[in-house]
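Q: Pasting the sequence and the predicted coordinates here, then a few questions.
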Amino acid sequence: MRRILIYGDSEIKKSIEIKNYLIEDAEVVKIDNSVQDAVEILKHNLFSNSLFGGKKVLIINNIDKFKKKEFTEITKLLSQVSSESIENIIITASSKVKVEVEEKKECNLPKPWEEDKWIEFIKELAEDLKCKFENDETIKYILDIYGYTDTILYEEMKKISIYSEGIITKEAINEIGFAAVNVNFEEFAYMLSTKRCDEVINMAKNFSQMHDFNIVSFISYIFRYFFDLYRVIINIEPKKRFSWPEVQKISQISGVNKMRVKKFLGVKFKNETQFYANHSVLYTKKDIMDIIIKLEEMDRKAKLGEKQEILIFDLISYICG
């Protein structure tokens, strides 16, 4: 009997790892904290043979979500009891937990600023789906559109790959992608960062009522927007005016998209009528870092089920004042 701990904040990566430990023709038994008498079910499976007399694979999902008493009983059983009928016991958790196992597999998402690691991560998901992206720029594009929530990315990639015959292109993303793409997060983020309170509130009211609006994806997008702003601000000296050549240079140094840098620094082309606010005079480095910390806190609350309307308007109030 082999015990494997698969832990981390990437639900999709954990699911992919689980598949590596499933045994052909083996009975699969799943236990989680929503099951009544989980401990008794575990005991029954440890002390009895498979329903069909063959091998079993036991999956204990989210062991860290069990009540303390159940968690203690489960980990004690796993350390003391062995079963000849069970081939693998797969234990999943959102973070590393103290449990006696033979193998440990870490499945964490890259940090939002680790662009190269995100590209590799998306390629791993694509490999599992037996599809591929036309190039790395398309991977960056899908991250810009959907954010850094792996479950959303995976489902959208699956859908797009089916309709695009296994090759994911920018065109396919735009034509086939999730309806949430129609919500202009970029416009919202810009108005929020320039503290246009009334317009931001009106937009928030509209898209928060959409049935397919995803609060986690939304917060992820706003987080990356302000993190990009931070990357720009730390690479400049604040001043009233910037030029296009400066935008190009700062984009190269910071790794932030040129058009986003252009807006951040209030640069507009001669034929443009829209005004862009110079963020270098609106925010200090500390201001932006405080917003980033606030967004990390909101992300945790969103994943715990906090009402999206409360989170959105709390964010607007925090930034716009």
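A: Cool, the structure landed. In this text the structure is predicted, and so the values were computed from the model without any measurement.

Q: Would you quantify the distance from Glu114 to Leu143?
A: Noted for Glu114: a distance of 11 Å to Leu143, by C-beta to C-beta, to the nearest Å. For glycine as for every other residue, the C-beta is placed from the backbone atoms N, C-alpha and C.

Q: Name the residue in the two with the higher neighbour count.
A: Leu143 (20 against 12; other C-beta atoms under 10 Å).

Q: What are the phi and psi values at that one?
A: Main-chain torsions, Leu143, degrees, to the nearest 10: phi -70, psi -40.

Q: Can you give me the neighbour number for the nearest residue to it once chain neighbours are set aside?
A: Closest residue in space to Leu143, ignoring its immediate chain neighbours: Trp118 at 6.1 Å, by C-beta to C-beta, 6 or more residues apart in numbering. A count of nearby residues for Trp118, using other C-beta under 10 Å, gives 19.

Q: I'd assumed Tyr146 was in contact with Trp118.
A: No - distance between Trp118 and Tyr146: 11.7 Å, which falls outside the contact criterion (C-beta atoms under 8 Å).

Q: Relative to Asp9, how far out is Thr151?
A: 11 Å.

Q: Sorry, slip of the keys, the one I care about is Lys262.
A: 33 Å.

Q: between those two, which one's more packed in?
A: Taking other C-beta under 10 Å, Lys262 and Asp9 do not tie; Lys262 has more neighbours (21 against 13).

Q: for the lowest-mean-pLDDT helix or strand in the chain, packing partners?
A: Comparing helices and strands within the chain by mean pLDDT, DSSP states H and E singles out helix 170-176 as the least confident, with a mean of 81. Applying 3 or more C-beta pairs under 8 Å, 6 or more residues apart in numbering; DSSP states H and E, we find helix 170-176 packed against helix 136-146, helix 150-163.

Q: Among those helices, which comes closest to Ile288?
A: Relative to Ile288, the nearest member of these by C-beta to C-beta is helix 136-146, separated by 19.2 Å.

Q: what distance separates that closest one from the middle of the whole chain?
A: Offset of helix 136-146 from its chain centre (C-alpha atoms, centre = their mean, to the nearest Å): 13 Å.

Q: Can you give the contact residues for it?
A: 115, 118-119, 122-123, 133, 152-153, 156-157, 168-170, 173, 177-178, 180-181, 217, 224, 257 (C-beta atoms under 8 Å, 6 or more residues apart in numbering).

Q: Got a ChimeraX select line for the buried ones in the residues you listed?
A: Entered in ChimeraX, the line below selects the buried ones among the contacts of helix 136-146, by 16 or more other C-beta atoms under 10 Å:
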select :118,119,122,133,152,153,156,157,168,173,177,178,180,217,224
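
Q: What ranges does this structure have for its helices?
A: With DSSP state H, the ranges of helices along the chain come out as 11-20, 38-47, 68-80, 115-128, 136-146, 150-163, 170-176, 185-193, 197-208, 215-233, 244-254, 258-264, 285-303, 308-320.

Q: And the longest strand seen in the chain, what does it pack against?
A: Across the chain, the longest stretch assigned as strand under DSSP state E is strand 86-93. Strand 86-93 sits against strand 2-7, helix 11-20, strand 56-60, with contacts defined as 3+ C-beta pairs under 8 Å, 6+ apart.
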